[in-house]
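**Student:** Sequence first, predicted coordinates after that:
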Amino acid sequence: MRRVAPGIFPVVSVDRRSSTPLYRQIYDGYREAIVERRLHGGQRLPSTRSLATELQISRIPVLNAFEQLLAEGYFESRVGAGTYVASSLPDELPAPDRATPGATPPRPGPRAVSSRPDALLRREPEPWLGGAGAFRMNQPAVDQFPFPVWSGLVARHCRNPQKSLLNYGDPMGHRPFREALAAYLRTARAVRCEPEQIMVVSGSQQALELSARVLLEPGRAVWMEEPGYGGARDALTMAGAQLVPVPVDEEGLDVAAGIARRPKARAAYVTPSHQYPLGVTMSASRRLQLLDWAQRSGAWIIEDDYDSEYRYESLPIASLQGLDRDARVLYIGTLSKVLFPALRLGYIVIPADLVPRFSSVREAMDIFPSTLYQAVLADFIAEGHLGRHLRKMRLLYRERRSVLVDAIRKELGGMLQVRGDQAGLHLVGTLPKGLRDRRISVAAARGRLWLMPLSACFIGAPSGPGLVLGYGGTAPTEIVDGVRRLRRLLT
Ligand SMILES: Cc1ncc(COP(=O)(O)O)c(C=O)c1O
């Protein structure tokens, strides 16, 4: 590396072995020296010839760098007198952050932004949501996915794509996919729907955000299951909703408690098939009470049916939407659990009269999700691969659940009481009163056990401590080992 001798300004270094071109190194060196105030406006610069000699390089990169600096206004040339640092540069220039090249650090002082994300930023760290390891929530067994079939279908659509797959399309989504979904939902989930009512979205999270935009003005009250799903809480908070926690008991959402707290809420968010996180199924009488309240008060029901395909002791429970006779339910489903989360594909079944609103808002947001995987999935469903995959995974998850329940009973019998294990990919273990579940979770995360504390699912005061254990993405041997490690942690 050659350095121009100090005293001959500025200190610019060039490294011939670097992959950065020489002209760029000289340009960067000067620009940085000016921005850092090591060079001041009006200071004279060496001639290109003498700088090239000093650096022992050809004159061409020096000329190119000077030309660029002149074009950008860092240098100015005075006829017959040489080149100078531009005298018009302000005295105070922001200093570049050397630790993060490329990023512009903010200057101190007020920076006006929306206050909506503040509530999300204020949260305590949630280490159990990151990384990989035993019992991490919301993880299906992605290694069991039928990749050979999938890649064949992807290749089919990529080799000779229809024009309609490459151009702008319908904000509601790719029509053949919506038709396949409608047939599936009518049969498997007793949802009353036509393809025209189905909007394809990038996961339930977007469905929630979109529903909030269409249904709510800021400040409107929404019933939330307590304990409940943080993703829904976040989406509704971002929409400015006022969250009203409504307790969940063995029959699901306590509708009478909701009515007592906020009878005029605009909407209720529920997971009736498999309550998140407690795992209870909403009873028939609660379903009818909820629908009755919605009809009488003009409220909307957001039904999040996120994992009910996996039910182990009976057939899947029919959707709440299928009981609705007043088109008050928005039914949200996702492929995150059924296939894999990175697909980012889900759907909303929208009451027919709201379709134009949803469609217009969608178009204003991100227009529609990428069409390729929708086309692939249309074939995946129509050719029977989804049904096959679901049957296989139901057996696999049932086995993982049994291994987990047995291991908990054997190793942690007195410590952890299992709840909500009849469906889905997670169960809850309640802990004796007085234990601090968040503290246990933080300690567990250090040892790569991803145990979500039950208390993290409450808006208000938790009813008691507990741990939520995901088993979908945890192999049986890891489950047994994980429970033993948990026993050591708890004792
Ligand atoms: C209650 C609930 N709803 C929805 C989802 C799925 O979200 P998404 O479709 O955005 O991946 C999850 C996630 O894991 C969940 O637990």
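**Tutor:** Ah, there it is.

**Student:** Report the contact partners of residue 177.
**Tutor:** 200, 374, 375, 377, 378, 381 (C-beta atoms under 8 Å, 6 or more residues apart in numbering). For glycine as for every other residue, the C-beta is placed from the backbone atoms N, C-alpha and C.

**Student:** Format the residues you listed as JSON lines; extra columns: neighbour count and distance to the ligand.
**Tutor:** Shown next, in JSON lines, are the contacts of residue 177 (neighbours: other C-beta atoms under 10 Å; distance: C-beta to the nearest ligand atom, whole Å):
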{"residue": "200", "neighbour count": "26", "distance to the ligand": "12"}
{"residue": "374", "neighbour count": "23", "distance to the ligand": "15"}
{"residue": "375", "neighbour count": "22", "distance to the ligand": "20"}
{"residue": "377", "neighbour count": "24", "distance to the ligand": "14"}
{"residue": "378", "neighbour count": "20", "distance to the ligand": "19"}
{"residue": "381", "neighbour count": "18", "distance to the ligand": "17"}
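
**Student:** What ranges does the stretch 101-250 of the chain have for its strands?
**Tutor:** Counting by DSSP state E, counting those that start in this stretch, the stretch 101-250 of the chain has strands at residues 198-201, 221-226, 242-249.

**Student:** Contacts for the next helix or strand after the longest one, please.
**Tutor:** Meaning strand 242-249. Following strand 242-249 in sequence order, the next helix or strand is strand 252-253 (DSSP states H and E). With C-beta under 8 Å, 6+ apart as the test, strand 252-253 has contacts from 223, 225, 246-247, 268, 270, 272, 275, 280-283, 286-287, 290.

**Student:** Of these, which belong to strands?
**Tutor:** 223, 225, 246, 247, 268, 270 (DSSP state E).

**Student:** ok, and which of those residues reach the ligand?
**Tutor:** When contact is defined as C-beta under 6 Å from any ligand atom, those do not meet the ligand at all.

**Student:** Buried only: go through those for me.
**Tutor:** Neighbour counting with 16 or more other C-beta atoms under 10 Å marks 223, 225, 246, 268, 270 as buried within those.

**Student:** Get me the contact residues on the stretch 51-200 of the chain for the ligand.
**Tutor:** Residues of the stretch 51-200 of the chain found near the ligand (C-beta under 6 Å from any ligand atom) are residue 138.

**Student:** if you set the cut-off to 8 Å instead, what comes out?
**Tutor:** 137, 138 (C-beta under 8 Å from any ligand atom).

**Student:** residue in the stretch 51-200 of the chain nearest to the ligand?
**Tutor:** residue 138 (3.3 Å; C-beta to the nearest ligand atom).

**Student:** Relative to the ligand, how far out is residue 352?
**Tutor:** Relative to the ligand, residue 352 is positioned 23 Å away (C-beta to the nearest ligand atom, to the nearest Å).

**Student:** that older thread, out of the strands of the stretch 101-250 of the chain, which one sits most buried?
**Tutor:** Comparing the strands of the stretch 101-250 of the chain by mean neighbour count (mean count of other C-beta atoms under 10 Å), strand 198-201 ranks first with a mean of 26.

**Student:** Most widely separated two among the contacts of strand 252-253?
**Tutor:** Spatially, the most separated pair among those is 223 and 281, at 18.2 Å (C-beta to C-beta).

**Student:** what pLDDT, on average, does the strand or helix carrying residue 397 get?
**Tutor:** When elements are defined using DSSP H and E, residue 397 is found to belong to helix 385-412. Average pLDDT, helix 385-412: 97.

**Student:** list the buried ones in that helix?
**Tutor:** In helix 385-412, counting by 16+ other C-beta under 10 Å, buried: 385-386, 389-390, 393, 396-397, 400-401, 403-405, 407-408, 411-412.

**Student:** again, but for stretch 20-40
**Tutor:** 22, 23, 25, 26, 27, 29, 30, 31, 32, 33, 34, 39.

**Student:** Then stretch 338-355?
**Tutor:** Buried, per 16+ other C-beta under 10 Å, within stretch 338-355: 338-340, 343-351, 354.

**Student:** taking these one by one, which sit in helices?
**Tutor:** With helices taken from DSSP state H, there is no overlap with those.

**Student:** Quick one: low-confidence residue ranges for this protein.
**Tutor:** Scanning the chain for pLDDT under 70 picks out 1-11, 90-102.

**Student:** which residue of it sits farthest from its center?
**Tutor:** Relative to the centre of the chain, and counting by C-alpha atoms, centre = their mean, the farthest-placed residue is residue 80 at 60.9 Å.

**Student:** Tell me if I am right that that one is in a helix.
**Tutor:** No: applying DSSP: H, G, I helix; E, B strand; the rest coil, one finds residue 80 to be coil, outside a helix.

**Student:** measure it to residue 202 for me?
**Tutor:** Distance of residue 80 to residue 202, given as C-beta to C-beta, to the nearest Å: 63 Å.

**Student:** can you check residue 490 too?
**Tutor:** Residue 490 is 39 Å from residue 202, by C-beta to C-beta.

**Student:** For stretch 288-307, list every residue counted as buried.
**Tutor:** 289-291, 293-294, 299-307.

**Student:** gap between that stretch and the chain center?
**Tutor:** 25 Å (C-alpha atoms, centre = their mean, to the nearest Å).

**Student:** ditto for stretch 319-339
**Tutor:** With C-alpha atoms, centre = their mean, you get 21 Å for stretch 319-339.
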